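Visitor: I'll drop the sequence and a predicted model, then ask my questions.
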Amino acid sequence: MPTPLYDALRALAGAGPLRLDMPGHHGAPLPGGFPWPSQIDFTENGRTGDLFGHEPDAIQAAESLWARRLGFDQCLFLTGGSTQGIHAGLAMLAGVGGRAALDRGSHRSLYHALALLDLDPVFLSRPWLAGEGVAGPISPETVAETLAAHRSLKTVCITSPTYYGVLSDIPAIAAVCHAHGAKLMVDAAHGAHLPFLGYEGFRAADVVVMSAHKTLPAPGQTALLFANGFPLAELQRWGSVYGTSSPSYVLMAALDAVRDYMEGEGTARYAETVRRADALRRRRPALTARDGLELDPARLVLASPDGFALADALRARGVYPEMADRGHVVCILTCADGGAEFDRLERALDGSGLSGPCAPVPPPPEPPPMVLTPRQALFAPRESVPFHQAEGRICACQVAPYPPGVPVIAPGEAVQKKHLAYLRQIGYNRDGNTVIDVVR
């Protein structure tokens with residue numbers, strides 16, 4: 001009998017690609033000779049513990065080690081990725097109904113959480129960095145103005161770092177939230193490595209969600225939910241609502257093993273990755289930290305006059321970046337990448353001939369008017385229409401090209417001519433086959 005998926009993955013692995021995307025292990029063996037997967041693929045059997053149980057066990061001991069290392073009161077292992085943590089965290093903070101202040105550049109999981117909890121968003125804007133061609137950090141002043149104008153808001157959700165590695169000032173934003181009696185949740189899905197590089201900003205937030213599998217040498221779907229000021233039982237309660245009752249012990253054990261690895265050798269290797277990435281940025285056009293712009297030091301965002309073509313050229317040479325847009329190519333560099341991997345990347349860049357200044361990327365237009373709530377948009381009957389036929393319809397999905405990495409059109413908003421024109425301008429419909437899900 002055929003095994004098409006298994007065969008396709010084995011063929012790709014056999015070609016020896018340079019993997020600069022997720023998962024963060026990049027195809028290398030997991031730390032400590034971690035067995036994958038059958039030897040330790042157990043279920044709850046009286047000795048293995050219970051992820052959502054209330055008796056102290058090995059799982060809670062492993063979670064406590066994570067919480068203590070990152071400076072939080074509690075940690076819950078997640079085997080459903082950061083999506084599970086986003087849903088659980090927002091339910092824990094905001095409940096059902098009401099409103100939440102939301103980073104407009106949030107992952108689609110947060111938009112889905114809004115709909116499931118019937119929350120109305122008040123969007124937080126980001127400045128446009130024209131020179132870099134990306135959206136900048138959310139400022140504490142923006143959060144303060146929003147909370148002052150909407151005094152009923154008690155939950156704020158932001159993304160830091162962004163896909164491009166842009167960091168917002170979490171401690172300052174948390175201080176603003178707490179001064180207004182609000183709680184702060186941070187989607188730090190791309191930031192699980194940062195505390196091991198000395199970054200301590202996350203611990204100022206009330207709830208933080210991290211994907212271990214994005215930037216640490218951990219298997220896909222492994223993630224972590226951290227909280228301050230909440231008992232573990234609350235994290236378990238909501239984690240069990242949005243997660244399977246049969247969580248993978250292999251994935252949870254991998255979370256335990258990767259923390260131990262990062263406590264020692266992993267941190268040293270990551271520091272070397274940061275050093276190599278910084279040296280590469282000095283030799284190549286790339287997004288670089290400056291006054292007023294703090295970046296993930298391990299995230300490599302290459303600039304190009306044609307980011308799409310550069311990504312295609314890299315893939316043709318066996319190098320797989322995470323993402324491309326009109327003027328950038330994003331590579332996820334981790335502790336799995338050493339000198340040989342960096343040399344291979346540079347040879348591929350030399351062969352592409354497409355490094356250079358970032359293609360001009362205009363800022364997105366003002367958001368469209370919201371016609372339906374996120375919940376109404378999610379559960380309404382929908383249909384897919386060709387890009388050029390979407391004008392005047394109500395969007396049923398998130399239209400979020402990179403850049404800006406911020407939804408040009410969010411669920412429930414009207415599709416207007418100027419937004420379609422902007423999307424064409426930045427290459428969103430470059431193959432002419434793009435469709436948009438709209439309310440029927």
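Guide: In hand now; what should we look at? What you are looking at is a predicted structure, and each value in this text was computed from that prediction instead of being measured.

Visitor: Now the element after the least confident helix or strand in the chain by mean pLDDT, going C-ward?
Guide: Lowest by mean pLDDT, DSSP states H and E among the helices and strands of the chain is helix 4-14, with a mean of 81. Sequence-wise, the next helix or strand downstream of helix 4-14 (DSSP states H and E) is strand 18-20.

Visitor: Show me what that next one is packed against.
Guide: strand 319-321, helix 339-352 (3 or more Cβ pairs under 8 Å, 6 or more residues apart in numbering; DSSP states H and E). Where you see a C-beta, it was placed from the backbone N, CA and C, and this is true even at glycine.

Visitor: how about residue 334, secondary structure?
Guide: Per DSSP: H, G, I helix; E, B strand; the rest coil, the local secondary structure of residue 334 is coil.

Visitor: How about residue 383?
Guide: Under three-state DSSP, residue 383 comes out as strand.

Visitor: you'd agree it is up against residue 397?
Guide: No - counting by Cβ atoms under 8 Å, residue 383 stays clear of residue 397, with 11.4 Å between them.

Visitor: would TSV of the helices and strands packed on strand 18-20 with distance to residue 97, mean neighbour count and mean pLDDT be doable?
Guide: Formatted as TSV, the helices and strands packed on strand 18-20 follow (distance: least, Cβ to Cβ, whole Å; neighbours: other Cβ atoms under 10 Å; pLDDT from 0 to 100):
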stretch	distance to residue 97	mean neighbour count	mean pLDDT
strand 319-321	41	21	97
helix 339-352	49	16	96
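
Visitor: Turn these into JSON lines, including distance to residue 247.
Guide: JSON lines is the format used below for the helices and strands packed on strand 18-20 (distance: least, Cβ to Cβ, whole Å):
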{"stretch": "strand 319-321", "distance to residue 247": "29"}
{"stretch": "helix 339-352", "distance to residue 247": "32"}
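
Visitor: Longest helix in this structure, please.
Guide: helix 265-283 (DSSP state H).

Visitor: For the nearest residue to residue 24 once chain neighbours are set aside, give me the pLDDT.
Guide: Excluding its sequence neighbours, the residue lying closest to residue 24 (Cβ to Cβ, 6 or more residues apart in numbering) is residue 334, at 4.3 Å. Looking at residue 334, its pLDDT stands at 97.

Visitor: And stretch 391-402, how far out from the chain middle?
Guide: 20 Å (Cα atoms, centre = their mean, to the nearest Å).

Visitor: Tell me the buried residues in that stretch?
Guide: Across stretch 391-402, burial judged by 16 or more other Cβ atoms under 10 Å covers 391, 393-402.

Visitor: Now that residue 326 has come up, it's in contact with residue 430, right?
Guide: No - Residue 326 lies out of contact with residue 430 (Cβ under 8 Å); the separation is 9.1 Å.

Visitor: the more surrounded of those two?
Guide: Between residue 326 and residue 430, counted using other Cβ atoms under 10 Å, the more crowded position is residue 326 (23 against 11).

Visitor: Let me know the distance separating the closest residue to residue 97 other than its chain neighbours from residue 404.
Guide: Distance criterion Cβ to Cβ, 6+ apart; nearest residue to residue 97, sequence neighbours excluded, is residue 118 at 5.4 Å. Note on residue 118: its distance to residue 404, by Cβ to Cβ, to the nearest Å, is 28 Å.

Visitor: and the residue lying closest to residue 54 once chain neighbours are set aside, how far is that from residue 240?
Guide: Among residues not flanking residue 54 along the chain, residue 233 sits closest, at 6.5 Å (Cβ to Cβ, 6+ apart). Residue 233 sits 10 Å away from residue 240, going by Cβ to Cβ.

Visitor: of these two, who's got more company?
Guide: A direct count of neighbours by other Cβ under 10 Å for residue 233 and residue 240 places residue 240 higher, at 16 against 10.

Visitor: Extract the CA atoms of the longest helix of the chain and return them as PDB.
Guide: Extracted as PDB, the C-alpha positions of helix 265-283 are listed here (Å, rounded to 0.1, in the frame of the first residue of the first chain):
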ATOM      1  CA  GLU A 265      25.000  23.400  26.300                       C
ATOM      2  CA  GLY A 266      22.000  24.800  24.500                       C
ATOM      3  CA  THR A 267      22.500  28.300  25.900                       C
ATOM      4  CA  ALA A 268      26.100  28.300  24.900                       C
ATOM      5  CA  ARG A 269      25.200  27.100  21.400                       C
ATOM      6  CA  TYR A 270      22.500  29.700  21.100                       C
ATOM      7  CA  ALA A 271      24.900  32.500  22.100                       C
ATOM      8  CA  GLU A 272      27.200  31.400  19.300                       C
ATOM      9  CA  THR A 273      24.300  31.400  16.900                       C
ATOM     10  CA  VAL A 274      23.600  35.000  17.900                       C
ATOM     11  CA  ARG A 275      27.200  35.900  17.300                       C
ATOM     12  CA  ARG A 276      27.200  34.400  13.900                       C
ATOM     13  CA  ALA A 277      23.900  36.000  13.000                       C
ATOM     14  CA  ASP A 278      25.200  39.400  14.000                       C
ATOM     15  CA  ALA A 279      28.300  39.000  11.900                       C
ATOM     16  CA  LEU A 280      26.100  37.900   8.900                       C
ATOM     17  CA  ARG A 281      24.000  41.000   9.300                       C
ATOM     18  CA  ARG A 282      27.000  43.200   9.100                       C
ATOM     19  CA  ARG A 283      27.900  41.600   5.700                       C
END
